[in-house]
Structure formats: structure tokens, C-alpha cells
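Predicted model and sequence below, questions to follow.
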Amino acid sequence: MPCAYTFLGPEGTFTEAALLQVPGAAQAVRLPASNVNAALDKVRDGSADAAMVPIENSVEGGVTATLDAIATGPELRIIREVLVPISFVLAARPGVQLEDVRRVSTHGHAWAQCRLWMDQHILGAEYVPGSSTAAAALGLLDADCRYDAAICAPLVAREHAGLSVLAEDIGDNPGAVTRFILVSRPAPLPERTGADKTTVVVPLPEDRPGALMEILDQFASRGVNLSRIESRPTGQYLGHYFFSIDADGHAREARVADALAGLHRISPGTRFLGSYARADRHATPVPAHTSDAAFAAARTWVESVLAEESAAGESGSGASPKA
Ligand SMILES: O=C(O)C(=O)C[C@]1(C(=O)O)C=C[C@@H](O)C=C1
């Protein structure tokens with residue numbers, strides 16, 4: 001297990017709450033980073049062993065900063081995922097009333113999850129982007145703070161920043177959940193658990209009709225279920241995209257390994273980002289014809305066909321019958 005962790009900080013972010021779910025992390029060195037790229041750089045340069053970063057929210061979708069940062073640069077591996085239920089409060093310096101609030105700061109994903117509440121309760125609310133929910137809350141303590149309130153986790157408002165809570169549970173979707181990933185430098189794959197996920201990045205081959213269908217077919221024809229697929233621009237030039245994909249199963253399962261090989265044939269720039277246990281422990285049923293046993297039986301059959309062919313060739317009796 002890693003012994004120095006970094007995370008999207010400062011203390012009190014939802015990302016830190018995710019990190020604290022990792023066994024041993026509460027006792028380990030924890031290094032807050034000011035953004036996702038800075039956290040991943042600490043892993044790449046060896047100043048941390050692993051980074052916890054957000055990747056997907058049930059309301060707002062993919063965290064593009066993370067999807068892009070792990071798709072490029074020196075290779076990294078996802079070794080674990082963590083789910084955190086999200087509940088937001090509106091916090092302000094003691095004495096400030098709800099009717100005094102105009103300018104509100106938070107992380108972009110948090111703002112997106114509280115938009116309706118803001119429209120209903122703060123007429124003409126102005127959004128001030130923050131690097132995280134906790135950074136926005138702590139910023140309220142600065143003498144030259146240019147906003148009136150922050151959207152953050154209940155814990156950071158009360159315990160870390162000593163702020164007053166003007167409203168609780170202000171998220172528009174009460175069941176909101178954010179998924180976080182623990183990322184390390186390339187390392188041996190975590191063991192198969194029977195309920196695993198594999199993440200890949202597949203650049204879309206250009207000028208090739210049906211390329212997306214071919215990519216999807218690598219999974220479909222091997223009975224591999226996808227739980228997320230998103231397209232992101234590579235940033236190189238207009239119209240150049242990659243797909244970020246989560247597939248059910250582990251790279252040590254034959255059907256997943258076979259699908260990975262197929263992806264590499266179609267798009268040699270395919271990047272493997274890891275196989276790791278699903279946080280919800282949900283195991284997707286594997287069709288019998290795509291089980292490891294079915295792949296092994298099929299391989300044995302092909303080998304027996306080839307062995308018969310070469311034996312026949314050596315004995316000279318393998319000539320094709322005349323038509
Ligand atoms: O700002 C934080 O507290 C974070 O951990 C980031 C983040 C995100 O990137 O989605 C995490 C969970 C919430 O959905 C809002 C913000």
C-alpha cells in the first residue's frame with residue numbers, strides 16, 4: 001500500500017473524504033494539492049505514491065480535468081475507486097445573513113449541482129470559480145475575500161473554517177454521488193475480485209468510417225459490458241478525439257484481455273489505465289460463451305487443429321483432395 005498520498009485539497013474537500021476511506025490513509029502522510037494536475041504531477045515525480053482525484057459525478061458527469069490529465073503524459077494506473085455521497089451547505093462568515101449573499105464561490109462541479117437552489121434562493125447570484133469546495137470555504141477567512149458565501153461540505157464549514165451555515169442540503173439531487181480514483185505509477189495489477197472494472201483511453205482513428213462501431217464491437221462481441229464512455233478532444237487540433245471508457249471485468253480475464261488486444265489493433269495509441277475492484281462490488285454476469293473456460297477451450301481447439309495440420313504436412317498425407 002502507498003505511504004504518501006496526495007489529493008485535491010485543501011483539507012476538508014470531498015476528495016479528502018474519499019482518501020480517508022482508503023485503509024491506512026488516515027495514518028499516512030497526506031499532501032494536499034491545489035488542482036488535479038498538480039496532484040498527478042506529485043505521483044509522476046515521485047513526491048507522492050498515489051493521488052486521490054475526482055473522476056465522475058452522478059449529476060454533472062465526467063470530471064474533465066481528471067479525464068484529460070490521466071489520458072496524456074507519463075503513464076499512470078488507477079488502483080482503486082471510492083464513492084462518496086455528496087451533500088452541500090451554503091456557508092458564510094458569522095453574522096452574514098442569506099439576504100446579504102450575492103457572490104458565491106465553490107468548485108465548478110459543486111456549483112452545477114446547486115444551480116436550481118441558487119436560482120430559487122439568491123436572486124442574481126454571481127458565481128466565483130474556486131479550485132475546490134474547501135478552498136472556497138477557507139477563502140472566506142481572508143481579509144480581502146471578494147465573495148460572500150461558499151458552497152462546501154458541512155464538515156469544512158463547521159470544523160475547519162468555523163463558518164456559519166446559512167442553508168443545508170442545497171444540492172438539487174439529494175442522492176448525488178461522486179466517484180473518485182486512487183492513481184499510482186504503473187505497478188502490478190490489483191488482484192481479480194470478480195467485480196472489477198478496467199479503464200482505457202482509445203484515440204479515435206481518423207478518416208476511418210465505422211471506427212467507433214469497431215471500437216464498441218471489441219467489447220460487445222466478447223460480452224464485456226461498458227459502464228462509462230465519454231469523448232474528449234485530444235487538444236492537438238479541431239476534430240481529434242479520444243474515448244475514455246470503463247468496462248466491467250479485469251484485464252486478467254480472457255474476454256477483457258482479448259478486447260484490449262482488439263482495441264490495440266484498431267487504435268495502436270490505446271492506453272491501459274488499470275483494472276481495479278468496483279466500489280459497489282456489483283458483479284456483472286458473464287455470458288457462458290465468453291467465460292475464461294470458453295476462451296481456454298477455444299484456444300485448445302485451434303491449437304489441436306494446427307497440430308493436426310502440421311502433422312499431416314510432415315507425413316506428406318496432408319495434400320488437399322482433388323476437386
Ligand atoms: O471540491 C471538492 O471538495 C472536491 O473534492 C471536488 C469535487 C468534484 O470535482 O466534483 C468533488 C465532489 C463534488 O462533486 C464537488 C467537487
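Sure thing, it's come through.

pull the longest helix from this protein.
With secondary structure taken from DSSP state H, the chain has its longest helix at helix 292-315.

can you list contacts of it?
253-255, 258, 288, 318 (CB atoms under 8 Å, 6 or more residues apart in numbering). In short, each C-beta sits where N, CA and C put it, glycine included.

go on, stretch 180-188?
Looking at what lies outside stretch 180-188 - CB under 8 Å, 6+ apart - the contacts are 2, 14-15, 18-19, 22, 40, 43-44, 46, 49-55, 66, 70, 75-84.

Are any of these buried, and if so which?
By neighbour count, with 16 or more other CB atoms under 10 Å, the contacts of stretch 180-188 hold 2, 14-15, 18-19, 22, 40, 43, 49-55, 66, 70, 76-84 as buried.

Which ones among those residues lie within helices?
Residues of these located in helices (DSSP H): 14-15, 18-19, 40, 43, 66, 70.

Serialize the residues you listed to CSV and add fields for pLDDT and distance to Gly269.
As requested, those are exported to CSV (pLDDT from 0 to 100; distance: CB to CB, whole Å):
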residue, pLDDT, distance to Gly269
Phe14, 97, 33
Thr15, 97, 29
Ala18, 97, 30
Leu19, 97, 31
Leu40, 98, 19
Val43, 98, 22
Thr66, 97, 19
Ile70, 97, 14
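
that older thread, keep the buried ones among the contacts of stretch 180-188, but drop any that are not near the ligand.
The subset of those within reach of the ligand, by CB under 6 Å from any ligand atom, is 14-15, 54.

Go through these and say which is closest to Glu126.
The closest of those to Glu126 turns out to be Phe14 (CB to CB; 23.3 Å).

Let's see the pLDDT reported for the residue lying closest to the closest one once chain neighbours are set aside.
Using CB to CB, 6 or more residues apart in numbering and skipping residues adjacent in sequence, the residue nearest Phe14 is Val84, 5.4 Å away. Here, the pLDDT recorded for Val84 equals 97.

Over to Ser317?
As predicted, Ser317 sits at a pLDDT of 56.

before we move on, what about Ser320?
For Ser320, the model assigns a pLDDT of 54.

How about Glu159?
pLDDT, Glu159: 81.

Report the residue ranges of every domain in this protein.
Following automatic domain parsing, the chain resolves into domains at 1-86+176-187, 89-168, 188-312.

Around the ligand, pick out the residues from the protein.
Contact residues (CB under 6 Å from any ligand atom) of the chain with the ligand: 8, 13-15, 54, 57, 63, 86, 107, 109-110, 132-134, 178.
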